[in-house]
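Novice: let's see this in three dimensions:
(one chain, ligands or ions: 2)
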Amino acid sequence: MSKNEAGLWRRFSAGLARTASRLGEGIAHLGRRRLDKATLQALEDILIQADLGTATAEKIVAAVGRARLGQELDEDEIKSLVAHEIEAVLSPVEKPFSVDASKKPFVVLGVGVNGSGKTTTLGKLAAKLQAGGHSVMLAAADTFRAAAIDQLIVWGKRVNAPVVAKAPGTDPAGVAFEALERARAEKCAVLLIDTAGRLQNKSALMDELEKINRVIKKLDATAPHAVLLVLDATVGQNALSQVEAFAKVAGVTGIVLAKLDGTAKGGILVAIAARFGLPVHFVGIGEAVDDLAPFDARAFSRALLGLSDSAAS
Ligand SMILES: Nc1nc2c(ncn2[C@@H]2O[C@H](COP(=O)(O)OP(=O)(O)O)[C@@H](O)[C@H]2O)c(=O)[nH]1
Ligand SMILES: [Mg+2]
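Specialist: Numbers count the residues shown, from 1 in each chain. Ligands and ions are numbered 1, 2, ... in the order given. Prediction:
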């Protein structure tokens with residue numbers, strides 16, 4: 001492990017510490033005993049309480065049972081088995097976010113409900129992309145509140161990326177259109193478009209996202225090239241209905257799970273992966289610029305159970 005990766009792992013597992021302790025305490029309570037039907041049922045309950053979802057919990061426990069029914073297992077052995085099964089659920093959705101350089105610019109739409117972490121995530125992503133050698137432009141297409149626009153402008157300054165912003169109340173699609181024109185003219189590699197997320201008014205939101213899509217397609221029929229759904233990990237089960245709604249309306253291509261730090265509900269990602277199979281690109285582990293970690297199924301699974309990042313398992 002490089003020094004960078006070790007640091008990331010440390011912050012990653014710190015972020016998942018509360019989920020891990022919820023799961024860990026439950027499993028510790030099982031004690032060392034023979035794995036029988038009752039123990040498996042208790043394990044299933046623990047997994048459900050950790051937000052993994054009933055179907056996934058059932059599947060994981062069935063796999064653990066198939067492998068080890070009747071054997072005597074200690075706490076760490078159970079944790080390793082569960083982590084292994086969670087990794088099997090998460091591995092198919094571990095897909096790095098990548099920029100297709102043939103698209104000029106590569107247009108990314110950030111979507112999600114209010115407060116989920118969209119603006120912050122796009123700011124962090126801008127920094128990551130710039131560090132990777134891509135020039136980035138930001139577009140403030142959440143024009144509903146002045147504070148939302150200002151917040152993106154602050155991020156633009158912080159990461160040294162130009163921001164296209166208009167007065168509050170301006171048509172968001174107009175902002176997106178103008179930003180795409182400007183990103184083209186200035187030969188920016190990536191355009192990140194920040195949108196509003198008033199899910200309480202679903203049809204208005206739908207119209208707004210549809211219109212943004214429609215106008216940017218006038219300039220580039222293949223855009224947007226990525227639609228990132230930003231989810232707030234602290235909402236737990238509610239995240240499932242958000243994925244459902246935005247997948248339908250916005251053509252989500254990938255997920256970012258923000259605010260993983262300090263929540264006991266990190267297990268929700270397992271339920272989301274099992275149910276929707278959408279790519280997971282990043283997890284947010286804090287409010288600072290480098291608090292965005294590429295999603296790693298194995299690291300996530302082990303951290304979820306409070307296990308170390310040992311190479312063997
Ligand atoms: N702890 C933590 N806070 C976050 C994270 N991502 C965003 N936030 C905070 O969540 C709040 C809402 O984020 P914001 O980006 O404005 O959400 P938006 O309404 O979807 O654009 C802000 O206070 C952010 O600083 C994260 O990964 N961890
Ligand atoms: Mg915002």
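
Novice: could you use CA atoms for every contact and neighbour count after this?
Specialist: Fine.

Novice: can you name the residues of the stretch 151-300 of the chain that neighbour ligand 1?
Specialist: Taking C-alpha under 6 Å from any ligand atom as the criterion, the stretch 151-300 of the chain approaches ligand 1 at residues A258, K259, L260, D261, G284, I285, G286, E287.

Novice: how many neighbours does the second one have?
Specialist: This means K259. Neighbourhood size, K259 [other C-alpha atoms under 10 Å]: 24.

Novice: give me the phi and psi for G70.
Specialist: The phi and psi values for G70, taken as degrees, to the nearest 10, are phi 90, psi -10.

Novice: neighbours around it, how many?
Specialist: With other C-alpha under 10 Å as criterion, G70 counts 13.

Novice: pLDDT check: weakest of the residues of the stretch 151-300 of the chain next to ligand 1?
Specialist: Lowest-confidence member of those: D261, scoring 90 (pLDDT).

Novice: contact partners for that one?
Specialist: F12, A14, G15, L16, G284, I285, G286 (C-alpha atoms under 8 Å, 6 or more residues apart in numbering).

Novice: most neighbours of all those residues, which one?
Specialist: Among the contacts of D261, the one with the most neighbours (other C-alpha under 10 Å) is G284, at 28 neighbours.

Novice: ok, and the closest non-adjacent residue to it?
Specialist: Of all residues not flanking G284 in the chain, A258 sits nearest, at 4.0 Å (C-alpha to C-alpha, 6 or more residues apart in numbering).

Novice: where do the helices of the stretch 151-300 of the chain begin and end?
Specialist: Using DSSP state H, counting those that start in this stretch, the helices found in the stretch 151-300 of the chain span residues 172-185, 202-219, 238-250, 268-276, 297-304.

Novice: return the most buried member of these.
Specialist: helix 297-304 (a mean of 24; mean count of other C-alpha atoms under 10 Å).

Novice: check which helices and strands that one sits against.
Specialist: On a contact count with 3 or more C-alpha pairs under 8 Å, 6 or more residues apart in numbering; DSSP states H and E, helix 297-304 meets helix 3-15, helix 17-30, helix 75-90.
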